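Chemist: build the 3D model from these lines:
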Amino acid sequence: MTLGPDDVGVVVPARHAAGTLARAVSSALAEGVGAVVIAVDPTDQPTASAAARVAERDTRISVVDNPGGATPTGLNIAIAALPHQVVARLDAHAAFRPGYVRAALTALEGQGAAVVGGLQRSLATSPVGRATATAMGTWLGSGGASHRTGTVAGPSETAYLGVFRREWLDRVGGYDPSLARNQDYEICHRIRRAGGLVWFSPDMDATHEPRDTWTELAAQYHDFGRWKRHVMATAPGSIQPRQLAAPALVVGLVGSVLVARRRPRPAAVVPMAWLAAIGTAAATADAVDASPLTRADRVRIGGALGVMHLAWGTGFWRGGRGRGR
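Modeler: I've put the predicted structure just below:
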């Protein structure tokens, strides 16, 4: 039996998303999906009120309580409220681009995949956000991850957001409720270990909004690093060499500082190589929109790359669990 968009249920974990939730849900409804379930912490009054207003507009939308607001818990609660054969995740700060669901169904059926994902397109509303979005589109900012820079369909280690066959979510037990970050990567790792195919399709893409300040960007990537350390401890086979680059950089920079007084020239190798790589990436980066990049833009792109690397690396070595969002 051929699957159609009405066989798809969309789950939306919403937190601190009063200003973006309506746009996210509208993008899902425009795809013709069968239902949208929004999971929201009832104590987050602005988001809860926004969810209630959105639900009044269409009978396909329902709202479920997610006490505490943890993303993986909200995802599992929303999934349990859906009877659909296919489940698509959509974050409240993101939006599907037209054709997303049909492209996902084509990949699911054509490849026999357990889960498919597409491209993550960053749309910025501030100078820092635009620099971050551009930095994410470079190899130095993405590590070559397919959901950031991929152009060819094929097997993947993870899926951005993810459109799942419901049977595979049930088989692996849903999302790990202990993870405030890296849930998508971890669940895809379990699916692959269980024999399921994770597929990347460049015909699918969804937008998201990057952080608008340096402080928010640093906090986000620090948490990414901390939670990756946690995932590595619980699923050691999931780690990829590129994910160790930032932790290795931090070790190299600390080592450079320690030996700088005795051997200044060798000590300069790591920081100078890192800064040269950042400078090259910033100078050759392509804008994420139609506006040309100014010199100030490229300086901010270099700054974004530096913040991302250092925050991720220090978060990894700090370990433990981050805050999440």
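
Chemist: where in this protein is pLDDT low?
Modeler: The model of the chain has pLDDT under 70 over residues 1, 143-150, 233-239, 320-325.

Chemist: need the residue closest to the centroid of it.
Modeler: residue 160 (5.7 Å; C-alpha atoms, centre = their mean).

Chemist: quick one, strands of the stretch 101-250 of the chain?
Modeler: According to DSSP state E, counting those that start in this stretch, the stretch 101-250 of the chain carries its strands in the segments 115-122, 154-155, 163-165, 198-208.

Chemist: picking up where we left off before, just to check, the residue nearest to the centre of the chain is in contact with residue 121?
Modeler: No - counting by C-beta atoms under 8 Å, residue 121 is not a contact partner of residue 160; they are 9.7 Å apart. Where you see a C-beta, it was placed from the backbone N, CA and C, and this is true even at glycine.

Chemist: give the residues shared as contacts by the two.
Modeler: Residues touching both residue 160 and residue 121 by C-beta atoms under 8 Å, 6 or more residues apart in numbering: residue 206.

Chemist: ok, residue 318 touching residue 226?
Modeler: Yes - assessed by C-beta under 8 Å, residue 318 is found in contact with residue 226 at 5.9 Å.

Chemist: compare these two (neighbour count), which wins?
Modeler: For residue 318 and residue 226, the more surrounded residue by other C-beta atoms under 10 Å is residue 226, and the numbers stand at 26 against 12.

Chemist: could you pick out the longest helix of the protein?
Modeler: Looking across the chain with DSSP state H, the single longest helix is helix 295-318.

Chemist: residues in contact with it?
Modeler: By C-beta under 8 Å, 6+ apart, helix 295-318 touches 127-128, 130-132, 134-135, 138, 140-141, 214, 217-226, 228-229, 245-251, 274, 278-279, 281-283, 285, 287, 293, 322.

Chemist: again, only this time at 6 Å
Modeler: With contact meaning C-beta atoms under 6 Å, 6 or more residues apart in numbering, helix 295-318 is reached by 131-132, 134-135, 140-141, 217-218, 221-222, 224-226, 229, 246-247, 249-250, 278, 282, 285.

Chemist: cool, thanks, signing off.
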